[in-house]
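Novice: sequence first, predicted model second:
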Amino acid sequence: MWRGWKGLGPEVVSGLRYVCRDRWQPYLSVIAQKAGPALHIPDRFHIVQHLDQAVDEVRRAESTRLRGKPLGARLKKMRGKLLRRGSRVRGQARIKLQGLLESKMATGRAWDLKECFDPF
């Protein structure tokens, strides 16, 4: 890692405005030391991981709230479908997901917001 920074040269490093980075602690330490004023942007993998966690938290909370009610049954066995990218959900899973989106449930809205990030 240090060779990479040296290879860039001090004038390039001091001019960095944005750094796309992994969350591994040694990377964070070096980046903070070398390019502290630059805006730190997490990599796509970690952003998607956070979005998936948020969708799952919404699903769990809504499932608990709706336990024993007809709408609550729609959330059963949906975790895997909700964590996939929309372009990879096919067949019966797609139909169930579409029904969830049409129901205006918070879980469907959370999944839809996660999918809005995909073009980025």
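Specialist: Done, it's in. Remember, predicted model here, so these are calculated numbers, not experimental data.
Novice: residue 7 and residue 13: what is the separation?
Specialist: Distance check for residue 7 against residue 13: by Cβ to Cβ, to the nearest Å, it reads 10 Å. No exception for glycine: its C-beta is placed from N, CA and C like everyone else's.
Novice: output the lowest mean pLDDT helix or strand found in this structure.
Specialist: Within the chain, no helix or strand scores below helix 2-8, which has a mean of 74 by mean pLDDT, DSSP states H and E.
Novice: before we move on, the earlier item: with neighbour numbers in mind, choose between residue 7 and residue 13.
Specialist: residue 13 (15 against 9; other Cβ atoms under 10 Å).
Novice: name the helix or strand for the more buried one, please.
Specialist: Taking DSSP states H and E as the definition, residue 13 sits inside helix 10-14.
Novice: next structured bit after that helix?
Specialist: Using DSSP H and E, the first helix or strand after helix 10-14 is strand 18-21.
Novice: and the next helix or strand along the chain from that next one, what does it pack onto?
Specialist: Next in sequence after strand 18-21, counting helices and strands by DSSP H and E, comes helix 25-34. Applying 3 or more Cβ pairs under 8 Å, 6 or more residues apart in numbering; DSSP states H and E, one finds that helix 25-34 contacts helix 2-8, strand 18-21.
Novice: list of residues touching the last one?
Specialist: Under the contact criterion Cβ atoms under 8 Å, 6 or more residues apart in numbering, strand 18-21 has outside partners 27, 28, 31, 35, 38, 39, 40, 41, 42, 43.
Novice: buried set for stretch 84-95?
Specialist: Buried residues in stretch 84-95, counted by 16 or more other Cβ atoms under 10 Å: 89, 93.
Novice: now do stretch 12-23
Specialist: Residues of stretch 12-23 classed as buried by neighbour count (16+ other Cβ under 10 Å): residue 21.
Novice: then stretch 19-36?
Specialist: Neighbour-count burial for stretch 19-36, counted by 16+ other Cβ under 10 Å, picks out 21, 31, 34, 35.
Novice: and residue 50, that one's in a strand?
Specialist: No. Assignment of residue 50 by DSSP: H, G, I helix; E, B strand; the rest coil gives helix, placing it outside any strand.
Novice: give me the most central residue, this protein.
Specialist: residue 48 (2.2 Å; Cα atoms, centre = their mean).
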